[in-house]
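In: Any chance you could fold what I've pasted below:
(one chain, ligands or ions: 1)
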Amino acid sequence: MSSASSNAKSPGHPPLAIESVAKHFGGITAVDGVSLSADAGEVVGVIGPNGSGKSTLFNLAAGGLKPDAGKVRLQGIDVTGWPTWKIARTGISRTFQIPSLFINMTVRDNLLAAAVEGDWQRARDRMEDALEMLEISHVVDNLATELSGGQQKLVEFGRVCMRDPKVILLDEVTAGVHPNIRQIILGAIQRLRKTGITFLVIEHDMEMVKEICDRLVVMDQGKIVAEGDFETIANDTNVRKAYLGRT
Ligand SMILES: Nc1ncnc2c1ncn2[C@@H]1O[C@H](COP(=O)(O)OP(=O)(O)OP(=O)(O)O)[C@@H](O)[C@H]1O
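Out: Numbering: from 1, shown residues only. From the prediction side, this is the model:
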């Protein structure tokens, strides 16, 4: 797991800064000039109705997509348009709504395959930490196909931890999982944020958002329409319009 010192803020540079990014798909504007930055150890919730641009924003930050305009900076380094593997090695790592594991490999090999360092002892230590934190040590020799959907989400979270991340993007990580697994995930986020890791989380589960997020940004039609703490957002008219539609 990363140490607090290795995730220390570079002076003047937030861990993650997204600056006026935009992405179009043909005639559709999926993300329309979004700016967002997050501090070390902060958990920022990204919410909004279906199709509002949340996943596209994650893809722009993590390298799955290249923005048509704008910049993504990681601790001040311009990583805009870098390939996913290079961005992951630099420190932004993400999970997907549907876990993307190597299904015919064991949990152990799935974790070790995500290691970024050539030092195998450190990689094994990091794996042991992840297995213990996520309470999946007992399935370490199981194939990914033998796991429940919730356990697969835990392994995907573990794979992110193997990459020594500074910023973790979680895409609906607790959707559809058993309450016990949800608690394990919440505990892991709390533990990792204390080491200085920054989180951006896409969530539809408002209880989770209320429990874990320091700040929320609300997206609608590719733009940020509101920003603030849970109470502020819950009472914001733009947010109600976004979720309930316009008259
Ligand atoms: N690869 C693509 N090609 C064409 N249009 C796309 C593509 N990806 C996303 N879109 C469109 O961009 C808009 C934003 O989609 P996006 O998936 O980012 O929204 P979202 O907020 O993550 O939605 P959800 O909550 O349903 O996952 C939608 O209109 C979607 O149809």
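
In: how near is the residue nearest the centre of the chain to residue 64?
Out: Closest to where the C-alpha atoms of the chain average out (CA atoms, centre = their mean) is residue 169, at 1.0 Å. In this view, residue 169 and residue 64 are 10 Å apart by CB to CB, to the nearest Å. The C-beta positions use only the backbone N, C-alpha and C, and glycine is treated the same way.

In: Overlap in contacts, the two.
Out: In terms of CB atoms under 8 Å, 6 or more residues apart in numbering, residue 169 and residue 64 are both contacted by the residues residue 58.

In: buried set for stretch 48-67?
Out: Residues of stretch 48-67 classed as buried by neighbour count (16 or more other CB atoms under 10 Å): 48-49, 52-63, 65, 67.

In: any idea of the mean pLDDT in it?
Out: When pLDDT is averaged along stretch 48-67, the result is 95.

In: what ranges of this structure fall below the confidence cut-off?
Out: 1-11, 245-247 (pLDDT under 70).

In: So which bits of it are right by the ligand?
Out: Residues of the chain lying close to the ligand (CB under 6 Å from any ligand atom) are 25, 28, 30, 48, 50, 51, 52, 53, 54, 55, 56.

In: and with 5 Å instead?
Out: Proximity of the chain to the ligand (CB under 5 Å from any ligand atom) is limited to residues 25, 30, 50, 51, 52, 53, 54, 55, 56.

In: Which of those fall in helices?
Out: When those are checked against helices (DSSP state H), the matches are 54, 55, 56.

In: Out of these, which is nearest to residue 116?
Out: residue 55 (24.1 Å; CB to CB).

In: thinking that closest one is in contact with residue 94, fair?
Out: No: with contact defined as CB atoms under 8 Å, residue 55 and residue 94 do not form a contacting pair (10.0 Å).
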